[in-house]
Each structure stands twice: as C-alpha cells, then as structure tokens.
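> Sequence first, predicted model second:
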Amino acid sequence: MAVRTIREDGDEILRKKSREVEIIDEKIKELIDDMIETMHKANGVGLSAVQVGILKRIVVIDLYDDKGPIKLINPVITKTKGEQEVEEGCLSFPNQYGRIVRPAEVTVEALNENGEKIKIKAKGLLAQAICHELDHLEGILFVDNIIPGTLHYVEPDEK
C-alpha cells in the first residue's frame, strides 16, 4: 500500500469524467487499498480515484465506524429521497468549506472489490459522502453546487 498524491483545485483531471472499470484485477485492488490509505492519512471521509489521478469509477468512503471502509466500483445512485443542507469540504480543496444541499437518503448500487453486486441504502453523512464522491466521477466539484455566499476558508488548526 502507498499514499498517493491528492490532486487539488486547478488540476484539470478533476473536471474529467471517469471511465467504468472493466476488469477488477490486482491492480484495481491495489489502487483501492492505496486510496483508503491516502484518505485516512488526509483525515478524509471519502476519496474518488480521479482525486489521485486515475480516471476510473472507483470510490472509497469511511465514516470511521465499526463497519470499516466502503469500496464502490462503478457506483450508480438509483434512488434519492428528501433534502439536507450540510457543511461540506473536499480533500482536493484543502481547508475550504461551504453549505450545500444534498439528498437526505440515497440508494447506490455498485460492485465490491470481489466483483460482487452490492446495494447500500444510506442516510445523513453517508448519503452526503456518496453523492459528493459520485459527483467527482462526473467531473463535478463541490464548489459547483455551494449555496452562494457560504464558501469559507478555515485555518488548518481551527478544524
């Protein structure tokens, strides 16, 4: 496993659309492990492959609970319900935060690292993280959807 470099604001790869994963091989599994390690080192809740420079439809999320990291390959949101206004940040936009409206609940279907179909029904922070990371796969950044006037910078020691 290795910590990879997180691409930051201004890197044009963040605006590109990611491609589906055709074959889940050892290289893909290694990428997922690296993404988890990178996300943990950066104290993040989620990370998409594009954020480490790989245009593949892969997302990892960790709410730091007893369930451990969630690994999603070729994820698709199949259902949304309600709305929640949340404070959001992004590892690609260090120390920047803003208010955004996300679905309160989502259902996502994907493959796990073994190629098995999985379905997750998520609420609250998990639903928010899924939406945020799946936006990355489409080249959409959280700053694109921020409620006007709510973007702010927080000094690293103020978090």
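That came through, no problem. Numbering: from 1, shown residues only.

> So which elements touch the longest helix seen in the chain?
Across the chain, the longest stretch assigned as helix under DSSP state H is helix 26-41. In this structure, helix 26-41 packs against strand 46-48, strand 58-61, strand 70-81, with contacts taken as 3 or more CB pairs under 8 Å, 6 or more residues apart in numbering; DSSP states H and E. In short, each C-beta sits where N, CA and C put it, glycine included.

> Glu113 is nearest to which of those strands?
In this view, the helices and strands packed on helix 26-41 are compared for proximity to Glu113 by CB to CB, and strand 70-81 is the closest at 5.1 Å.

> For Pro75, see how far away the residue nearest the centre of the chain is.
Against the mean C-alpha coordinate of the chain, by CA atoms, centre = their mean, the closest residue is Glu133 at 2.6 Å. For Glu133, the distance to Pro75 under the criterion CB to CB, to the nearest Å works out to 8 Å.

> got any residues that touch both of these two?
Overlap of the contact sets of Glu133 and Pro75 (by CB atoms under 8 Å, 6 or more residues apart in numbering) consists of Val59.

> related to what we said a few turns ago, looking at the helices and strands packed on helix 26-41, spot the one closest to Ile120.
Closest to Ile120 of these, according to CB to CB: strand 70-81, at 7.0 Å.

> Tell me the buried residues in that closest one?
70-75, 77 (16 or more other CB atoms under 10 Å).

> Which two of those have the greatest separation?
Comparing the members of those, the greatest separation, given CB to CB, is between Lys71 and Ile77, at 16.4 Å.

> what comes up buried for stretch 37-46?
By neighbour count, with 16+ other CB under 10 Å as the criterion, the buried positions of stretch 37-46 are 37-39, 44-46.

> Need the contact partners of the longest helix of the chain.
Contacts to helix 26-41, defined as CB under 8 Å, 6+ apart, come from residues 1-4, 6, 21, 45-47, 49, 52, 54, 56, 58, 60, 62, 69, 71, 73, 91, 113.
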